[in-house]
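*Asks:* Based on what follows, work out the 3D shape:
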Amino acid sequence: MEIGFVGIPLFVVLGVFLVWFWNSIYIIKEWERGVVLRLGRLIPEAKSAGINLVFWPIETLYRIPLRIETLDVPPQDIITRDNVSVKVNAVCYFRVVDANQALSQVQNYTYATSQLAQTTIRSVVGQFELDEILSQRDKVNAKLQIILDTDTEPWGIKVSKVEVKQVDIPEQMQRAIAKQAEAERERRAKIIHAEGEFEASQKLADAAKVLETQPSAIQLRYLQTLTEIGVEKNTTIVFPLPIDIINQWTKNLGGPQK
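*Replies:* Predicted coordinates:
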């Protein structure tokens, strides 16, 4: 009777120990950190990857992922600096760099970062004009990233990148931008055409100076023109005649010599 009485408490103690040991063993993955609270107090150093022993029930472990998270910021109605109503949505990339601060300083760091990103986009994008938002998007993204990273640093969050995905503008503004682009292209075409005419006139003036100093050059041009016309196998031959000769003939066949 004594052996049975002693054996039962040992079995119970062994069972309780196995239950305690099972609840105290935690395997933390490589991309996670374990934040431990001991009787409600935060242990300064978080548990690293691998097998960790947590003294249950006086200690509680919380897993905090350290991988980069993608946060989709919903479209925000914004008034730009030049009073244009636009809708802007963005994407934010962030990760936890301090697991203890991410757990102790904010209740839900993902939700808090999302709300902060929405308010920051409304305030920052409203400081730019529409043309700057469309043409200088890198500048807008850099400013958003700096502000969000600074504001989330006390939470143990690192915002690595913020990208404005899409900017929706009113249909009337789209038509106005299209007209502006069309007018700009027409202006460039006219300038290019005028520059071409100016360069051509300069070359013609240079050619006229050469022909004026070398009279035999004009005869060579006549012969070259006849050769080009003859290659086409035309039945009509156009022979260029200098205007000076025609004027001289007209003068000789005209009135009496004075």
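
*Asks:* what comes up buried for whichever strand or helix holds Thr119?
*Replies:* Assessed by DSSP states H and E, Thr119 sits inside helix 109-125. Burial within helix 109-125, assessed by neighbour count using 16 or more other CB atoms under 10 Å, is assigned to Tyr109, Ala112, Thr113, Ser114, Leu116, Ala117, Gln118, Thr120, Ile121, Val124, Val125. Backbone N, C-alpha and C define where each C-beta goes, glycine included.

*Asks:* got CSV for the residues you listed, with distance to Arg95 too?
*Replies:* Listed next are the buried residues of helix 109-125 as CSV, based on distance: CB to CB, whole Å:
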residue, distance to Arg95
Tyr109, 11
Ala112, 15
Thr113, 11
Ser114, 15
Leu116, 15
Ala117, 14
Gln118, 19
Thr120, 18
Ile121, 20
Val124, 22
Val125, 24
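
*Asks:* on that earlier part again, which neighbouring elements make contact with the helix or strand following the helix holding Thr119?
*Replies:* Later in the chain than helix 109-125, the nearest helix or strand by DSSP H and E is helix 130-135. The contact analysis (3 or more CB pairs under 8 Å, 6 or more residues apart in numbering; DSSP states H and E) places helix 130-135 against strand 85-96, helix 137-152, strand 157-168.

*Asks:* Would you point to the one among these that's packed deepest?
*Replies:* strand 85-96 (a mean of 19; mean count of other CB atoms under 10 Å).

*Asks:* follow-up on the earlier one: how many degrees apart are the helix holding Thr119 and strand 157-168 in direction?
*Replies:* 50 degrees (axes from the mean of the first three to the mean of the last three CA atoms, to 10 degrees).

*Asks:* circling back: with distance to Phe11 and mean pLDDT added, can I get the helices and strands packed on helix 130-135 in a markdown table?
*Replies:* Formatted as a markdown table, the helices and strands packed on helix 130-135 follow (distance: least, CB to CB, whole Å; pLDDT from 0 to 100):
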| stretch | distance to Phe11 | mean pLDDT |
| --- | --- | --- |
| strand 85-96 | 44 | 91 |
| helix 137-152 | 53 | 91 |
| strand 157-168 | 50 | 90 |
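
*Asks:* May I see these arranged in JSON lines, with distance to Gly15 as well?
*Replies:* Output for those, formatted as JSON lines (distance: least, CB to CB, whole Å):
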{"stretch": "strand 85-96", "distance to Gly15": "38"}
{"stretch": "helix 137-152", "distance to Gly15": "47"}
{"stretch": "strand 157-168", "distance to Gly15": "44"}
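
*Asks:* re earlier: can you list the neighbours in contact with the helix holding Thr119?
*Replies:* 69, 71, 73-74, 76, 78, 80, 86, 88, 90, 92, 94, 96, 102, 106, 133, 140, 143-144, 147-148, 151-152, 155-157, 159, 162, 164 (CB atoms under 8 Å, 6 or more residues apart in numbering).
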